[in-house]
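Trainee: output the structure for:
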Amino acid sequence: MVMLSVAWPAFAQTAPPVTGTPAAQAPATAKAIVPLPTGAKVAFVNLQFVFNESELGKQGQVRWRLLNDKLFSNLNARTKEIDGLSEKIKTQQTVIDEALLRAWNQDLARLQREAQFAQQEAQVQSDQMQQELLREFEKKILPVIEALRAEKGLHAIVGVQSEPGGLTLLSSEPGIDLSAELVKRLNGQK
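Mentor: The predicted structure follows:
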């Protein structure tokens, strides 16, 4: 069984470039299925490409973006409130009572602490959703990769990506890149 133990990029908007042969450097949407070379025993899939181009990956990206939009729009409202109070203190500090100024500064400090906590909590929720989506993606993609490996008679299929912690493909026979075929198979599942 193939294991995906690669540090996956955080739902990137576009696939990062893969270094190496011109075929590996082609834009993500231009990948074509190239026949596997005769006698090949190892192939690879570009996990970022598969995630970005498959319907399954796109659905996960939409779910994650919707959560982030919700979480971080709340933070923007807090930031505006903090900015408004900061401006109020700045413009009125010389004309108001010292007790009122002290109260406003205390309110500002409280709002800043709350905003910092909300930012941290939003990041935790975002990270948790990302990990959940990646687990779901992995659970659905592994059987398809295993079937592809068995059908092609390969010893292994390696996941590659250009992110730190991933393998970087320097040169390859274009036919051993099974990324487009994997996307096609994932999109064909219903």
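Trainee: all strands for this protein, in order.
Mentor: Taking DSSP state E as the criterion, the chain contains strands spanning 42-46, 156-160.
Trainee: pick the most deeply packed of these.
Mentor: Burial of the strands of the chain is given as mean neighbour count (mean count of other CB atoms under 10 Å); strand 42-46 ranks first at a mean of 22. C-beta: built from backbone N, CA, C; applies to glycine.
Trainee: show me what it packs onto, helices and strands only.
Mentor: helix 98-152, strand 156-160, helix 179-188 (3 or more CB pairs under 8 Å, 6 or more residues apart in numbering; DSSP states H and E).
Trainee: of the strands of the chain, which approaches V124 most closely?
Mentor: Nearest to V124, of all the strands of the chain, is strand 156-160, at 26.9 Å by CB to CB.
Trainee: lowest-pLDDT helix or strand in the protein?
Mentor: Ranked by mean pLDDT, DSSP states H and E, the helix or strand of the chain with the weakest confidence is helix 22-25, at a mean of 39.
Trainee: one step back: now the strands of the chain as TSV including mean pLDDT and distance to N187?
Mentor: Formatted as TSV, those follow (pLDDT from 0 to 100; distance: least, CB to CB, whole Å):
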stretch	mean pLDDT	distance to N187
strand 42-46	89	14
strand 156-160	86	18
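Trainee: I'd like those laid out as a markdown table, including distance to L67.
Mentor: Below are the strands of the chain laid out as a markdown table (distance: least, CB to CB, whole Å):
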| stretch | distance to L67 |
| --- | --- |
| strand 42-46 | 26 |
| strand 156-160 | 26 |
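Trainee: what stretches of the chain score poorly on pLDDT?
Mentor: 1-30, 162, 164, 167-172, 190 (pLDDT under 70).
Trainee: repeat the analysis, applying 50 as the threshold.
Mentor: Within the chain, the stretches with pLDDT under 50 are 1-28.
Trainee: still on that earlier bit, just put the helices and strands packed on strand 42-46 in TSV and tack on distance to K31.
Mentor: Formatted as TSV, those follow (distance: least, CB to CB, whole Å):
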stretch	distance to K31
helix 98-152	15
strand 156-160	13
helix 179-188	4
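Trainee: any idea which of the ones you listed is most buried?
Mentor: By mean neighbour count, with neighbours taken as mean count of other CB under 10 Å, helix 179-188 ranks first of the helices and strands packed on strand 42-46 at a mean of 19.
Trainee: give me the contact list for that one.
Mentor: 31-33, 44-46, 49-50, 53-56, 140-141, 144-145, 147-148 (CB atoms under 8 Å, 6 or more residues apart in numbering).
Trainee: what's the closest of the helices and strands packed on strand 42-46 to A40?
Mentor: Across these, closest to A40 is helix 98-152 (CB to CB), at 7.7 Å.
Trainee: report all helices and strands that that closest one contacts.
Mentor: On a contact count with 3+ CB pairs under 8 Å, 6+ apart, helix 98-152 meets strand 42-46, helix 55-92, strand 156-160, helix 179-188.
Trainee: I'd assumed K139 was in contact with L56.
Mentor: No: counting by CB atoms under 8 Å, L56 stays clear of K139, with 10.4 Å between them.
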